[in-house]
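Visitor: next input, structure requested:
(one chain, ligands or ions: 1)
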Amino acid sequence: MSYTYDQQTLLEHYVKKILAAPVYDLAVRTPLQAAPALSEALGNRILLKREDLQPTFSFKIRGAYNKLVQLSEEQKARGVITASAGNHAQGVALAARELGIAATIVMPATTPELKVLGVRSRGAEALLHGESFPFALAHALQLAEQSGRTFVSPFDDPEVIAGQGTVAMEILRQHQGSLDAIFIPVGGGGLIAGIAAYVKYLRPEVRIIGVESEHSACLKAALEADQRVVLPSVGTFADGVAVAQIGAFGFEVCRFCVDEVITVSNDDLCAAIKNIYDDTRSITEPSGALAVAGIKQYVARTGVREQTFVAIDSGANINFDSLRHVAERAAVCSVSA
Ligand SMILES: *Cc1c(COP(=O)(O)O)cnc(C)c1O
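Guide: Residues are numbered from 1 along each chain as shown. A predicted model of the protein is given here:
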């Protein structure tokens, strides 16, 4: 694959931001861990990037901290506001506390209680508003305008994308052997854009594969239409990726850096949560299991063997009560596991 001068310049701009992102004041370098049972079952080598082990149990702390730390002193003094289905909210709350910035977070009324409490316990103000992300977002933007606080997007911001891109920097340092593809969960596209920009600049032969819930496949829809589209409705089982429109900054990268997008069902996610548990004894949230579900579908469809795949295990914020449902569905689907 070869890129135009403008595309190469865009990637280089992100690579520089990623290399300079001071995320390790708060985020940790997470393990890239072998998944032996899954590898055996699929006939390919599967490595899990354990972003569920971050301080807020998802990678969002990277982008949030990178954005907040770069605000001017005046912006910091006025405070920040954001809208989030949950994990970004916790990232912003923790980063804001660390930097002494006041934070208000608008969350959809459907947000799991665990995520609401996670925000409040970190000293931020949580406002529950609207039945899904777009309503919460509209409210947050309005409040930002009225109050002069800086709005911090969960995904549609170059500093947030660069913070998330530090995941790719770690992967390429942790695994220097052959690597065929990285599977990345997609909500608003900040994570995949940051990873794709870094990887395509340095190792363009590595395939970048986005994985979406079939109930919020906004990147797939945008790539097909060759423009960002708004989905008429969005399912919230995978609440971390329940976004109706891919971000503008992310799409600018994704339109030439994403090799393929796979969509998976809620049952596929339940089965993948079990696969991850079997190999790690850790529970992920539905969005966190997207990449593994995507690898399973990819291998079943293409029949590839002996390749090396990385799955981003992106988060672990699941209400304990939901585990009953997940376990039941995983049992029904284990024939395909
Ligand atoms: C936010 C999130 C994603 C998707 O990231 P985007 O940058 O919105 O595409 C995936 N998994 C989890 C657990 C998340 O919190």
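Visitor: in this structure, what secondary structure element scores lowest on mean pLDDT?
Guide: The helix or strand of the chain with the poorest confidence is helix 113-120; it has a mean of 86 (mean pLDDT, DSSP states H and E).
Visitor: does the ligand sit close to it?
Guide: No: for helix 113-120, no contact with the ligand is found by C-beta under 6 Å from any ligand atom; the gap never falls below 9.5 Å. For glycine as for every other residue, the C-beta is placed from the backbone atoms N, C-alpha and C.
Visitor: buried ones in that helix?
Guide: 114, 115, 116, 118, 119 (16 or more other C-beta atoms under 10 Å).
Visitor: do stretch 260-274 as well
Guide: The neighbour-count check on stretch 260-274 (16+ other C-beta under 10 Å) flags 261-266, 268-274 as buried.
Visitor: what do you get for stretch 302-310?
Guide: Buried, per 16+ other C-beta under 10 Å, within stretch 302-310: 307, 308, 309, 310.
Visitor: ok, now stretch 186-197?
Guide: Residues of stretch 186-197 classed as buried: 186, 187, 188, 189, 190, 191, 192, 193, 194, 195, 196, 197 (neighbour count, 16+ other C-beta under 10 Å).
Visitor: with stretch 153-173 instead?
Guide: 153-172.
Visitor: this protein: helices as residue ranges?
Guide: Counting by DSSP state H, the chain has helices at residues 5-20, 36-42, 60-69, 73-78, 87-99, 113-120, 133-147, 158-174, 190-202, 218-225, 248-257, 266-280, 290-302, 323-333.
Visitor: so which of those is nearest residue 52?
Guide: Ranking the helices of the chain by proximity to residue 52 (C-beta to C-beta) places helix 266-280 first, at 8.7 Å.
Visitor: for residue 102, state which of the buried residues of stretch 302-310 is nearest.
Guide: Using C-beta to C-beta, these come closest to residue 102 at residue 310, 37.4 Å.
Visitor: what's near enough to touch the residue in the stretch 1-150 of the chain that the ligand sits nearest to?
Guide: Across the stretch 1-150 of the chain, the shortest distance to the ligand (C-beta to the nearest ligand atom) belongs to residue 87, at 3.3 Å. For residue 87, the contacting residues are 56, 57, 58, 60, 115, 240, 315, 317, by C-beta atoms under 8 Å, 6 or more residues apart in numbering.
Visitor: so which of those residues wins on neighbours?
Guide: residue 60 (33 neighbours; other C-beta atoms under 10 Å).
Visitor: that one is in contact with residue 154, isn't it?
Guide: Yes: Residue 60 is in contact with residue 154 according to C-beta atoms under 8 Å; the separation is 7.3 Å.
Visitor: overlap in contacts of the two?
Guide: Residues touching both residue 60 and residue 154 (C-beta under 8 Å, 6+ apart): residue 88.
Visitor: sorry, back to before: dig out what the residue lying closest to the residue of the stretch 1-150 of the chain closest to the ligand once chain neighbours are set aside forms beta bridges with.
Guide: Closest residue to residue 87 apart from its sequence neighbours, by C-beta to C-beta, 6 or more residues apart in numbering: residue 58 at 4.0 Å. Legend: beta-bridge partners of residue 58 under DSSP bridges are residue 315.
Visitor: isn't residue 58 right next to residue 312, touching?
Guide: No: between residue 58 and residue 312 there is no contact under C-beta under 8 Å: 10.4 Å.
Visitor: common neighbours of those two, please.
Guide: Residues touching both residue 58 and residue 312 by C-beta under 8 Å, 6+ apart: residue 51.
Visitor: enumerate the residues of the stretch 51-200 of the chain near the ligand.
Guide: Residues of the stretch 51-200 of the chain lying near the ligand by C-beta under 6 Å from any ligand atom: 58, 60, 87, 154-155, 185-192.
Visitor: please redo it, this time with the cut-off set to 8 Å
Guide: Contacts of the stretch 51-200 of the chain with the ligand, taken as C-beta under 8 Å from any ligand atom, map to 51-52, 58-60, 63, 85-88, 154-155, 160-161, 164, 184-194.
Visitor: quick check, pLDDT for residue 333.
Guide: Residue 333 is assigned 74 on the pLDDT scale.
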